[in-house]
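J.: Quick one: sequence plus predicted model below, questions after.
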Amino acid sequence: MSLSYERLGSDGAARRGRITTAHGTIETPAFMPVGTAGTVKAMLPQSVAETGAEIVLGNTFHLMLRPGAERVAALGGLHKFMNWPGPILTDSGGFQVMSLKELRKLDPDGVTFRSPIDGSQHRLTPESSIGIQRLLDADITMSFDECTSWPVEEPEAAFSMRLSMKWAERGRRAFVERPGYGLFGIVQGSTFPELRAESAKALIDIGFDGYAVGGLAVGEGQALMFGTLDYTVPMLPADRPRYLMGVGRPGDIVGAVKRGIDMFDCVMPTRSGRTAQAFTRRGELNMRNARHRDDPRPIDEHCACPACRHHSRAYLHHLIRADEILGVMLLTWHNLHYYQDIMRGLRGAIEGKTLDSWIASFESDQALGDIPPL
RNA sequence: GGAGGGGUGGCCGAGCGGUCAAUGGCAGCAGACUGUAAAUCUGCCGACUUCGCGUCUACGAAGGUUCGAAUCCUUCCCCCUCCA
């Protein structure tokens, strides 16, 4: 395998590990901020790194449309282009097969999209997706799949999963092995145990550098998601990293780590940073709400991010209300920092084999709710 | 002094005889957001309310016409533009 994964410890099903890529190492469990268009929105790359993030995402589909994969390659690859020297994982465009379902036509060979930017037609196949990710210079390439939506009937989920498995095999053949670069397969099958098993087996037979669980956090709810992980994760090879795609809220991540997931990505901390929601140890806050108007306290007095070290809730509330760019920047920064605090906490707890008590404390803090204003 | 235009819910601004408690936008009050078509989207936003297209008070003021007026008429008050 061209991407190394070391097991550094475990606590129950939870694992503490390290992935080594061409552009550096990733301590796992890891949260990967989403940088769809070659930027983690509202953040300087250096600031993203300061939160503790070691790897970010890019997106095949969006970067293919703009600025174009060839252009990124000519300019030295995505790391250089966006000035993120660390590892990058690129999604294959599979999520857009679902999220842009009104703009695409799927056939057995691939997907034809209409560009949401200008309406022009673009084609993505398992091979072209892998090729684009190579041009982008992604350390971790994702198989081109169909992210199955939810709810879905079993026959449709089976059809979709089997198509994704064929595409996974084609992608594997198209992927060019290089030291420090890896290709991940994506388990589909919605919330059907037999389909997940069939999918996992198919991928393991093909052989990947890592295994992702896809098609979750698409509306099924946390209980069903955890239930699906309970039977799906044990089917994945123990010596390879496991990635739960698109997840999630803090509680989702904690529960998934407990079930043996190593990697996460989610737009939640960044998007919510732009829609006024702050994630905190004691739950979620809407910084737009009038109750913060006169509050001199930081979002969280225990948080070391710039928003919490230097600014009051009242100020952040004002910035958000006034539609000031800094408000979005500070809230995004806080959220990413908090997410990385969670990951640091989880890694430490697994190392110390105190995960259960760490989780109990995490959950009781979340349940407390925000400290009321004085 | 003369000619013309206008005063609508916190603000801006549609409406110009009924289907108007009154389009929109902003502000305000909440909610949503999970491999980013998102600094986006949704709901509420006169009062009361058993939350129901139920009652009441409302479109500068007062009066009038009409079955019915924010919409037509009269008088008054105020604002704007132009001419003296």
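T.: Great, that's in hand.

J.: pLDDT at A:Thr191, what is it?
T.: pLDDT recorded at A:Thr191 is 97.

J.: ok, it - how many residues close by?
T.: When neighbours are counted by other CB atoms under 10 Å, A:Thr191 registers 21. From N, CA and C alone the C-beta is placed, and that goes for glycine too.

J.: What residue spans form the domains of chain A?
T.: Split into domains by automatic domain parsing, chain A comes to A:4-265, A:273-368.

J.: closest one to RNA strand B among these?
T.: Nearest of the domains of chain A to RNA strand B, taken as CB to the nearest atom of the strand: domain A:4-265 at 2.1 Å.

J.: Now do the same for A:Thr90: helix, strand or coil?
T.: Following DSSP: H, G, I helix; E, B strand; the rest coil, the label given to A:Thr90 is strand.

J.: That one: how many residues sit nearby?
T.: For A:Thr90, the count of nearby residues is 27 (other CB under 10 Å).

J.: and the domains of chain A, which is most packed in?
T.: Comparing the domains of chain A by mean neighbour count (mean count of other CB atoms under 10 Å), domain A:4-265 comes out on top with a mean of 20.

J.: Return the distance of that domain from the chain's centre.
T.: A distance of 8 Å separates the centroid of the chain from that of domain A:4-265, by CA atoms, centre = their mean, to the nearest Å.

J.: now do the same end-to-end measure for it.
T.: In domain A:4-265, first residue to last residue: 20 Å (CA to CA, to the nearest Å).

J.: can you check stretch A:275-283 too?
T.: One end of stretch A:275-283 sits 16 Å from the other (CA to CA).

J.: Tell me how far that stretch lies from the chain's centre.
T.: Taking mean C-alpha positions (CA atoms, centre = their mean), stretch A:275-283 and its chain are 18 Å apart.

J.: Same check on stretch A:334-349?
T.: 14 Å.

J.: I'd like the domains of chain A laid out as CSV, including distance to RNA strand B.
T.: Formatted as CSV, the domains of chain A follow (distance: least, CB to the nearest atom of the strand, whole Å):
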stretch, distance to RNA strand B
domain A:4-265, 2
domain A:273-368, 3
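
J.: In space, what's closest to the most centrally placed residue in chain A - neighbours in sequence excluded?
T.: In chain A, the C-alpha nearest the mean C-alpha coordinate belongs to A:Asp265, at 1.2 Å (CA atoms, centre = their mean). Counting by CB to CB, 6 or more residues apart in numbering, A:Met32 is the residue found nearest to A:Asp265 once chain neighbours are left out, at 4.3 Å.

J.: Other residues contacting the helix or strand hosting that neighbour?
T.: For A:Met32, the element it lies in under DSSP states H and E is strand A:30-33. Strand A:30-33 is touched from outside by A:19, A:40, A:43, A:48, A:51, A:53-57, A:89, A:253, A:262-266, A:269-270, A:336, A:339-340, A:342-343, with contacts defined as CB atoms under 8 Å, 6 or more residues apart in numbering.

J.: what about stretch A:146-165, how long is it end to end?
T.: Using CA to CA, the end-to-end distance of stretch A:146-165 comes out at 10 Å.

J.: so where's chain A uncertain?
T.: Applying pLDDT under 70 to chain A flags the ranges A:1, A:373-374.

J.: how does it look with 80?
T.: The model of chain A has pLDDT under 80 over residues A:1, A:372-374.

J.: Phi, psi for A:Ala14 please.
T.: Dihedral angles of A:Ala14 (phi, psi; degrees, to the nearest 10) stand at phi -70, psi 140.

J.: residue contacts, A:Thr39?
T.: A:Met82.

J.: Identify the single longest helix in chain A, thanks.
T.: For chain A, the helix that runs over the most residues, judged by DSSP state H, is helix A:325-351.

J.: any idea which helix or strand comes after it?
T.: helix A:355-368.

J.: Tell me the backbone dihedrals of the closest residue to A:Leu229 other than its chain neighbours, please.
T.: Leaving aside its chain neighbours, A:Leu229 sits nearest to A:Arg259 (4.5 Å; criterion: CB to CB, 6+ apart). A:Arg259 has phi and psi values of phi -90, psi 10 when expressed as degrees, to the nearest 10.

J.: For A:Arg259, give me its contacts.
T.: A:13-14, A:226, A:229-230, A:233 are the contacts of A:Arg259 under CB under 8 Å, 6+ apart.

J.: ok, 10 Å please
T.: Going by CB atoms under 10 Å, 6 or more residues apart in numbering, A:Arg259 touches A:12-14, A:213, A:225-226, A:228-234, A:242, A:244.

J.: Against A:Ile325, how distant is it?
T.: Using CB to CB, to the nearest Å, A:Arg259 is found at 38 Å from A:Ile325.

J.: And the strands in the stretch 51-200 of chain A?
T.: Using DSSP state E, counting those that start in this stretch, the strands of the stretch 51-200 of chain A run over A:56-59, A:88-91, A:104-107, A:110-114, A:121-124, A:140-142, A:182-187.

J.: now for the last one, which elements pack on it?
T.: Spelled out, it's strand A:182-187. Packing contacts for strand A:182-187, counted by 3 or more CB pairs under 10 Å, 6 or more residues apart in numbering; DSSP states H and E, involve strand A:88-91, strand A:140-142, helix A:154-174, helix A:193-206, strand A:210-213, strand A:242-244.
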